[in-house]
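**Student:** Let's see this in three dimensions:
(one chain, ligands or ions: 1)
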Amino acid sequence: MLLCNQPIIDRWRPNFSSSGVADPIWTRLRYGKTVLCNSLEWADWSGNPVQVELCDFCGTAGCASGGYVHVSALGETVLWTMPNGVTETDIGEGQLFPATVIEEFGSVAFPVGVWESLRVAAPEVPTFGSLARADGGALRDAWAIGQSRPRAVDRLVPLLRECLVAADSLDIGDAMQWIEHWLRWFDERAASYVEGTLASPESTGSRIETLYFNGPGTADWAALAEVNGSFVPAFNSNHIFIPGG
Ligand SMILES: [Zn+2]
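**Tutor:** Below you'll find the model as predicted:
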């Protein structure tokens, strides 16, 4: 999960000459080199998923086949996650393809203050309070999908069985049980609002448990955090999920 705490907001002018209308001026959101949204003002925020990368030849929502994110709020954080809970069989037909940032990072978290700063640049961006609360499906995707992990969540466990070689303190069998436990926990709440917060390991006195794969070190996954002898999902090494109000 990418933490978007230092967004870059700039104006740019797409070239609409092929569609015979005047070029608009758009407000773009980037993080480093990655474009998160190419038009904060033209994106249609009224639905979910939202197409955050519009066709830059005409600006019509739906003209480009990809560029979608699911937008929701958890605690004091806005989450962008996979546009729809994807299983292996869904990929292909009728699939709304994810935005570039989801392809690259799996999911994005915006602190509420950063989200509100987007509204200063483009008032069309919805208020934090009006966003859908995160359901179990969005949280599962925010956690489980990442750079080196499959975007179809049901392929994660088979991949781990094949490639997981070690964890910081857990043996592989226990690590697998915790992963499967939380996948089930999120799935049981896939379409319901889940109470919970994201907290830092320091503020909760917890320790990140990293899983190691055979293959490049970049594939290592800071998947879990130990809190009082139990394990909870870590969305990244600075954000752990604490269920409950
Ligand atoms: Zn177009």
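**Student:** what's the neighbour count on the closest residue to residue 194 other than its chain neighbours?
**Tutor:** Leaving out its chain neighbours, the residue that sits closest to residue 194 by C-beta to C-beta, 6 or more residues apart in numbering is residue 136, at 5.1 Å. Any C-beta I mention is one placed from the backbone N, CA and C, and that applies to glycine too. As a burial measure, residue 136 scores 19 neighbours (other C-beta atoms under 10 Å).
**Student:** which residues touch residue 136?
**Tutor:** By C-beta atoms under 8 Å, 6 or more residues apart in numbering, the contact set of residue 136 is 185, 186, 187, 188, 189, 190, 191, 192, 194.
**Student:** among these, who's most crowded?
**Tutor:** Going by other C-beta under 10 Å, residue 186 tops those with 24 neighbours.
**Student:** does it really touch residue 134, like I thought?
**Tutor:** No - Residue 186 is not in contact with residue 134 according to C-beta atoms under 8 Å; the separation is 10.3 Å.
**Student:** any shared contact partners between these two?
**Tutor:** residue 194.
**Student:** if we can go back for a sec, how about the contacts of residue 136 in JSON lines, adding distance to the ion, pLDDT and secondary structure?
**Tutor:** Below are the contacts of residue 136 laid out as JSON lines (distance: C-beta to the ion, whole Å; pLDDT from 0 to 100; DSSP: H, G, I helix; E, B strand; the rest coil):
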{"residue": "185", "distance to the ion": "41", "pLDDT": "98", "secondary structure": "helix"}
{"residue": "186", "distance to the ion": "36", "pLDDT": "97", "secondary structure": "helix"}
{"residue": "187", "distance to the ion": "36", "pLDDT": "96", "secondary structure": "helix"}
{"residue": "188", "distance to the ion": "40", "pLDDT": "97", "secondary structure": "helix"}
{"residue": "189", "distance to the ion": "37", "pLDDT": "96", "secondary structure": "coil"}
{"residue": "190", "distance to the ion": "33", "pLDDT": "94", "secondary structure": "coil"}
{"residue": "191", "distance to the ion": "32", "pLDDT": "92", "secondary structure": "coil"}
{"residue": "192", "distance to the ion": "36", "pLDDT": "95", "secondary structure": "coil"}
{"residue": "194", "distance to the ion": "36", "pLDDT": "95", "secondary structure": "coil"}
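**Student:** with those in mind, which one is nearest to residue 231?
**Tutor:** Of all the contacts of residue 136, residue 185 has the smallest distance to residue 231: 11.6 Å, by C-beta to C-beta.
**Student:** What residues does that closest one make contact with?
**Tutor:** 136, 243.
**Student:** Now for the contacts of residue 136: which two are most distant?
**Tutor:** Going by C-beta to C-beta, the pair spanning the contacts of residue 136 furthest: 185 and 191, at 14.0 Å.
**Student:** How is the chain divided into domains?
**Tutor:** Per the record, the chain has its domains at 2-133, 153-243, by automatic domain parsing.
**Student:** Listing partners with orientation, what would you give for the helix or strand encompassing residue 242?
**Tutor:** Counting by DSSP states H and E, the element that carries residue 242 is strand 239-243. Using DSSP bridges, the strands paired with strand 239-243 are strand 196-199 (antiparallel), strand 230-236 (antiparallel).
**Student:** And those: which comes nearest the ion?
**Tutor:** Of all the strands paired with strand 239-243, it is strand 230-236 that lies closest to the ion, at 33.9 Å by C-beta to the ion.
**Student:** How far away from the center of its chain is the closest one?
**Tutor:** 15 Å (C-alpha atoms, centre = their mean, to the nearest Å).
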